[in-house]
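J.: From the sequence below, what's the structure:
(2 chains)
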Amino acid sequence: DTAVSQTPKYLVTQMGNDKSIKCEQNLGHDTMYWYKQDSKKFLKIMFSYNNKELIINETVPNRFSPKSPDKAHLNLHINSLELGDSAVYFCASRGRGTEAFFGQGTRLTVV
Amino acid sequence: DAKTTQPPSMDCAEGRAANLPCNHSTISGNEYVYWYRQIHSQGPQYIIHGLKNNETNEMASLIITEDRKSSTLILPHATLRDTAVYYCIVRVDRTRYQLTFGKGTKLSVIP
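T.: Numbering: from 1, shown residues only, chains lettered A, B, ... in the order given. Have a look, this model is predicted:
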């Protein structure tokens, strides 16, 4: 079983559209994250949720909104997509005293 | 979290030990040293972490200097599948804190 799974793996969409990326973890972890990796390969934290509560919200446009329906899920909604949103988005989870587990990433291409 | 400095790239012959250095001269007493790697097109993968003692697991060894200002990740017998970007991260081990990734070291294992 995949520990942290993201869907879809690839997403191609037009500017101005609204899209969602789903993330699920079956590790029983309390904390989940969204990271963005841009074309220069820098990995940057976007959001962190602990027990469904937003803990960290880095400087991210408010077009990006995380939604955590339960501890095992942290979905990322993006409104009015722009060309600069093209990147690979990684979901991760971490339990108390454990290392972080990352999903395989979602490659978003905005055309 | 303290900053880290790593060489941008390194080569290693297949079957030889790969020694990846990391400087963290501003590390404080309660900060751990974590190592992750990212193989092309995959999510980051946890390797090992330590506080002040040397650590070893099935993937690698971590050697931390006595003053804790630098560390070395050792892959004892590098294979082609170890080609990846390796990230050294220093952080306090608290559940709510995120991992902050730097530029890492691109390790190329050569046949």
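
J.: Could you use CA atoms for every contact and neighbour count after this?
T.: Noted.

J.: And for stretch B:71-79, what's in contact with it?
T.: B:12-24, B:35, B:59-65, B:109 (C-alpha atoms under 8 Å, 6 or more residues apart in numbering or on different chains).

J.: are any of the residues you listed buried, and which?
T.: B:12, B:14, B:18-24, B:35, B:60-64, B:109 (16 or more other C-alpha atoms under 10 Å in any protein chain shown).

J.: Could you pull out the helices in chain A for me?
T.: Counting by DSSP state H, chain A has no helices at all.

J.: tell me, what residue is most central in it?
T.: By C-alpha atoms, centre = their mean, chain A has its centre lying nearest to A:Trp34, at 3.5 Å.

J.: Look at that one and report its pLDDT.
T.: Turning to A:Trp34, the model gives it a pLDDT of 94.

J.: That one touches A:Phe47, doesn't it?
T.: Yes - A:Trp34 is within contact range of A:Phe47, at 5.3 Å (criterion: C-alpha atoms under 8 Å).

J.: can you tell me how far the residue nearest to the centre of chain A sits from B:Thr65?
T.: 33 Å (C-alpha to C-alpha, to the nearest Å).

J.: Same check on A:Asp38?
T.: Relative to B:Thr65, and taking C-alpha to C-alpha, A:Asp38 is found at 34 Å.

J.: how far away is the spatially most central residue of chain B from A:Ser48?
T.: For chain B, the residue sitting closest to the mean C-alpha position, by C-alpha atoms, centre = their mean, is B:Trp35 at 3.5 Å. Per C-alpha to C-alpha, B:Trp35 is found 20 Å from A:Ser48.

J.: try B:Val33
T.: Here B:Val33 is placed at a distance of 21 Å from A:Ser48 (C-alpha to C-alpha).

J.: can you check A:Phe64 too?
T.: Distance, A:Phe64 to A:Ser48, by C-alpha to C-alpha: 13 Å.

J.: Kindly report the same for A:Tyr35.
T.: As for A:Tyr35, its distance to A:Ser48 is 9 Å (criterion: C-alpha to C-alpha).

J.: out of these two, which sits in the busier spot?
T.: Set side by side, A:Tyr35 and A:Ser48 show more neighbours around A:Ser48, with 25 against 21, by other C-alpha atoms under 10 Å in any protein chain shown.

J.: Residues of chain A that sit close to chain B?
T.: Proximity of chain A to chain B, by C-alpha under 8 Å from any C-alpha of the partner chain, involves residues A:31, A:33, A:42-45, A:48, A:50, A:55, A:90, A:94-97, A:99-105.

J.: right, is the helix or strand where B:Tyr86 lies up against chain A?
T.: Using DSSP states H and E, B:Tyr86 maps to strand B:84-92. No - residues of strand B:84-92 are not located near chain A by C-alpha under 8 Å from any C-alpha, the shortest gap being 10.0 Å.

J.: So what's the residue count around A:Ala3?
T.: 14.

J.: What does it show for phi and psi?
T.: A:Ala3 has phi and psi values of phi -70, psi -50 when expressed as degrees, to the nearest 10.
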